[in-house]
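Participant: Requesting a structural model of the entry that follows:
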Amino acid sequence: MTSEEKESFCRTLAFVLSPPDQELADHLRRGAFYSFFHSYLHSWAADTDTLRGFLVDDHSDAVLSELISEYERLFSGPSGEGISLIESLYRPWTLDPHCTLSFASDKGLVMGDPALHLLALYAQCGLEVSEELRGRPDHLILELEFLAYLYRWATDAEIKRFIADHLDWTSALGEELKGFAAAPFYESAFAILDLFLKQERKRPEGENDGKKDIH
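Facilitator: Predicted coordinates for the structure are as follows:
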């Protein structure tokens, strides 16, 4: 994959994992997601059955309502019983050895070290977080959009460091998803994310050399 393809890949994944809207449902009906991801899975020698969740009845008027209902069940539970897409909740609140707060090493808290680090990176790059996600700068959607940005502007070393520092928690997220009997659409989305990150971790460094260091 070229850097441009990886940028597009990450933006598409961010779109797929965003709250569903009519545009997403229309893309799904047309088979756009299946077509987009198929060639990449083939090049990775991965089982294209992974994409089965992106195949739906083109004439179904219920696609959008079903996606909204499933997204709310999985990720927007009114009592917080669903799956979180926020990195901080999967890590200790801080690793600062000088922090004396009683909850410093607790998990399940927002605005921890990952969120503060990302806010600093966004500011350094001149990027602003939307009002909707301002209190969740380490939301997976933002991390994927920022990774797309890095493929355009950052060095390959920075890209690989960002994946190592901020996207290793997605494996725990994938394990959580299994316990919720997620709809095939979201099973496919997270399986593809996992495959992509595995490809990026194992490839040699150097593809984006010569670009600006963002740290």
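Participant: quick one, what contacts A115?
Facilitator: Residues near A115 by Cβ atoms under 8 Å, 6 or more residues apart in numbering: 86-88, 136-138. (Glycine included, C-beta is placed from N, CA and C.)
Participant: Make a markdown table from those residues and add secondary structure, distance to L64 and pLDDT to it.
Facilitator: Conversion of the contacts of A115 to a markdown table gives the following (DSSP: H, G, I helix; E, B strand; the rest coil; distance: Cβ to Cβ, whole Å; pLDDT from 0 to 100):
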| residue | secondary structure | distance to L64 | pLDDT |
| --- | --- | --- | --- |
| I86 | strand | 25 | 94 |
| E87 | helix | 28 | 94 |
| S88 | helix | 30 | 93 |
| R136 | coil | 24 | 92 |
| P137 | coil | 28 | 96 |
| D138 | coil | 28 | 96 |
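Participant: Among the residues you listed, name the buried ones.
Facilitator: Neighbour-count burial (16 or more other Cβ atoms under 10 Å) applied to the contacts of A115 gives 86-88, 136-138.
Participant: In TSV, list the contacts of A115 along with distance to L67.
Facilitator: Shown next, in TSV, are the contacts of A115 (distance: Cβ to Cβ, whole Å):
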residue	distance to L67
I86	21
E87	24
S88	26
R136	21
P137	25
D138	24
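Participant: Closest to F37 out of the residues you listed?
Facilitator: E87 (23.7 Å; Cβ to Cβ).
Participant: report the longest helix in this structure, please.
Facilitator: Secondary structure of the chain read by DSSP state H shows that its longest helix is helix 184-202.
Participant: And that helix, what's buried?
Facilitator: Neighbour-count burial for helix 184-202, counted by 16+ other Cβ under 10 Å, picks out 185-193, 195-197, 200.
Participant: Show me the protein divided up by domain.
Facilitator: What automatic domain parsing lists as the domains of the chain is 3-85+139-202, 86-125.
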